[in-house]
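[1] what follows is a predicted structure for the sequence shown.
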Amino acid sequence: MFLVTRGDRLYAGHSKRYKKADGSWSSTTHIVRCLGSKKQLLAKDPQAIEKLRASLRNETPYQIVTEQTQTYIRRYTKQGRCFAGFPILNYANYVLRPIWVDWLKIKQVTDYRQKLSKIEFDASELLWQTVMNRIVCPCSHLSHFQNRSRWVGNPVNHAQLHQLYRMLSFVAENQEAILKGVNHSLQQMGPRDVSLVFYDVTNSWYETAWNDQQKLVMKIAKKLVMLGEKATEEQKKAIIEEITRNASSTLRMEHRPDPIVSVALVMDRDGIPIDFRVYRGNRSEKTTMRQCTQELKRKFNISNIVMVADNGLNTQGNLLELSKEKNGFLLAHSLAKQKTELVEKLLQEDGWYCVVD
């Protein structure tokens, strides 16, 4: 084991060799644990760095893993998650694996896409285990990594935390190809009716150390520093206006200080997802339906759809657009604040006519 310095943070790490795609060998540093702030440790003891180096020379990765295993066993024993002195492990990843590999064929798609990338670890296996973890015991990616030994044969056990996050970037870059492969596999399993689709938008937020206002100030300060001292007041003002105008999370539907994004999901009549999109948090969900319907027709060759959505998407612009594209629609509409005459007219059974055959 040796000492790793990254900025002001100190870590215990060890070197790990791996074989690259071309057959050659390389090495990478595997971080085991954080040792704290270099500045704070030196303030308490000027010899702290030398003492840490000396202590780490006597440690081995095997000892660290053994200590972690014993910690997990003690924790599970207290929680009652053990049998005959051994921890109870999740094996749902093996039970559900045939769906992933044989039915949806996601592994084949991700393996092929990985060959076209520069990723040298097995992103397909990390994605599989990450999805299984979200299904069985949903938690953050960091929590999943920290509790990876709870699973039988978890491929995350042989990965580093930064590889887990790099896998997420890989999936985002290949989202369209993966979804296309999944939908193709579903179509091969049997006829799929996409003439009626359900569409909705919801918001999700990130737990961060800084709220949007603080991050906006930091971003502006960074840009101003990059401009240099010779920058004019007009240039500084232009930078501030541009960053403020493009701030991604000014809309606060939940009135939360955390940054949010809007997630749009499209499902078929059986409730099976077809596609999804992530939009900026300051973009109204009323403006996303047109883009979504156009992408559905382009990607999945859908000629006519019936859009089903809630009251949040019921706007004059959306209705005109759906009619213009000759799509059917069933949108919720609140009658609580409408005039009595209009409510009675809307509830009449006669007077309706077919807009699209």
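    Received the coordinates, thanks.
[2] hmm, residue 196 is touching residue 327, no?
    No: the pair residue 196 / residue 327 is not scored as a contact, 10.8 Å apart, by C-beta atoms under 8 Å. Where C-beta positions appear, they are placed from N, C-alpha and C, glycine not excepted.
[3] so those two - more neighbours on which side?
    A count of neighbours by other C-beta atoms under 10 Å puts residue 327 above the other of residue 196 and residue 327, at 20 against 16.
[4] so what's that one closest to, chain neighbours aside?
    Using C-beta to C-beta, 6 or more residues apart in numbering and skipping the chain neighbours, the partner closest in space to residue 327 is residue 305 (5.2 Å).
[5] surely the one you found meets residue 197?
    Yes: Residue 305 is within contact range of residue 197, at 5.3 Å (criterion: C-beta under 8 Å).
[6] hey, what's in contact with both of those two?
    Counting by C-beta atoms under 8 Å, 6 or more residues apart in numbering, the contacts common to residue 305 and residue 197 are residue 296.
[7] lowest-pLDDT helix or strand in this structure?
    strand 82-83 (a mean of 51; mean pLDDT, DSSP states H and E).
[8] that older thread, shared neighbours of residue 196 and residue 327, which are they?
    In contact with both residue 196 and residue 327: 305, 306, using C-beta under 8 Å, 6+ apart.
[9] gap between residue 295 and residue 95?
    34 Å (C-beta to C-beta, to the nearest Å).
[10] looking at these two, which is more packed in?
    residue 295 (14 against 11).
[11] excluding chain neighbours, what is closest to the more buried one?
    residue 275 (7.1 Å).
[12] am I right that the one you found sits in a strand?
    Yes: the assignment for residue 275 (DSSP: H, G, I helix; E, B strand; the rest coil) places it in a strand.
[13] what residues are up against it?
    Per C-beta under 8 Å, 6+ apart, neighbours of residue 275: 179, 265, 266, 292, 295, 296, 299, 300.
[14] could you pull out the helices for the stretch 101-250 of the chain?
    106-115, 123-136, 141-146, 161-173, 175-189, 212-227, 233-245 (DSSP state H, counting those that start in this stretch).
[15] now the ones you listed in JSON lines, with mean pLDDT?
    Converted to JSON lines, those look like this (pLDDT from 0 to 100):
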{"stretch": "helix 106-115", "mean pLDDT": "92"}
{"stretch": "helix 123-136", "mean pLDDT": "91"}
{"stretch": "helix 141-146", "mean pLDDT": "88"}
{"stretch": "helix 161-173", "mean pLDDT": "92"}
{"stretch": "helix 175-189", "mean pLDDT": "89"}
{"stretch": "helix 212-227", "mean pLDDT": "79"}
{"stretch": "helix 233-245", "mean pLDDT": "81"}
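[16] tell me which element residue 265 falls in.
    In this assignment (DSSP states H and E), residue 265 forms part of strand 260-267.
[17] now the angle from that strand to helix 212-227?
    110 degrees (axes from the mean of the first three to the mean of the last three C-alpha atoms, to 10 degrees).
[18] could you list the paired strands of strand 260-267 along with their orientation?
    strand 196-205 (antiparallel), strand 273-280 (antiparallel) (DSSP bridges).
[19] just put those in TSV and tack on mean pLDDT and distance to residue 137.
    Formatted as TSV, the strands paired with strand 260-267 follow (pLDDT from 0 to 100; distance: least, C-beta to C-beta, whole Å):
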stretch	mean pLDDT	distance to residue 137
strand 196-205	77	19
strand 273-280	84	21
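[20] out of these, which is closest to residue 334?
    Nearest to residue 334 among the strands paired with strand 260-267 is strand 196-205 (16.2 Å), distances taken as C-beta to C-beta.
[21] residues of that closest one that come out buried?
    Of all the residues in strand 196-205, those buried under the rule 16 or more other C-beta atoms under 10 Å are 196, 197, 198, 199, 201, 203.
[22] of all those residues, which comes closest to residue 126?
    Of the buried residues of strand 196-205, the one sitting nearest to residue 126 (C-beta to C-beta) turns out to be residue 203, at 27.4 Å.
[23] mind showing which ranges of the protein have poor pLDDT?
    Applying pLDDT under 70 to the chain flags the ranges 16-19, 21, 30, 32, 60-88, 206-212, 246-259, 282-287, 303-304, 355-357.
[24] given the lengthiest strand in the chain, what are its sheet partners and their directions?
    Looking across the chain with DSSP state E, the single longest strand is strand 25-37. Partner strands for strand 25-37, per DSSP bridges, with pairing direction: strand 9-19 (antiparallel).
[25] ok, now which ones touch residue 2?
    Contacts of residue 2 by C-beta under 8 Å, 6+ apart are 12, 13, 14, 15, 53, 56, 57.
[26] pull out the buried residues from the residues you listed.
    12, 13, 14, 56.
[27] report the beta-bridge partner residues of the closest residue to the second one other than its chain neighbours.
    Going back to what we said before, that points to residue 13. Once flanking residues are discounted, residue 13 sits nearest to residue 4: 4.2 Å by C-beta to C-beta, 6+ apart. Counting by DSSP bridges, residue 4 is bridged to residue 11.
[28] now, of the helices of the stretch 101-250 of the chain, which is deepest in the fold?
    By mean neighbour count, with neighbours taken as mean count of other C-beta atoms under 10 Å, helix 123-136 ranks first of the helices of the stretch 101-250 of the chain at a mean of 20.
[29] elements contacting that helix?
    Helix 123-136 sits against helix 92-95, helix 106-115, helix 141-146, helix 161-173, with contacts defined as 3 or more C-beta pairs under 8 Å, 6 or more residues apart in numbering; DSSP states H and E.
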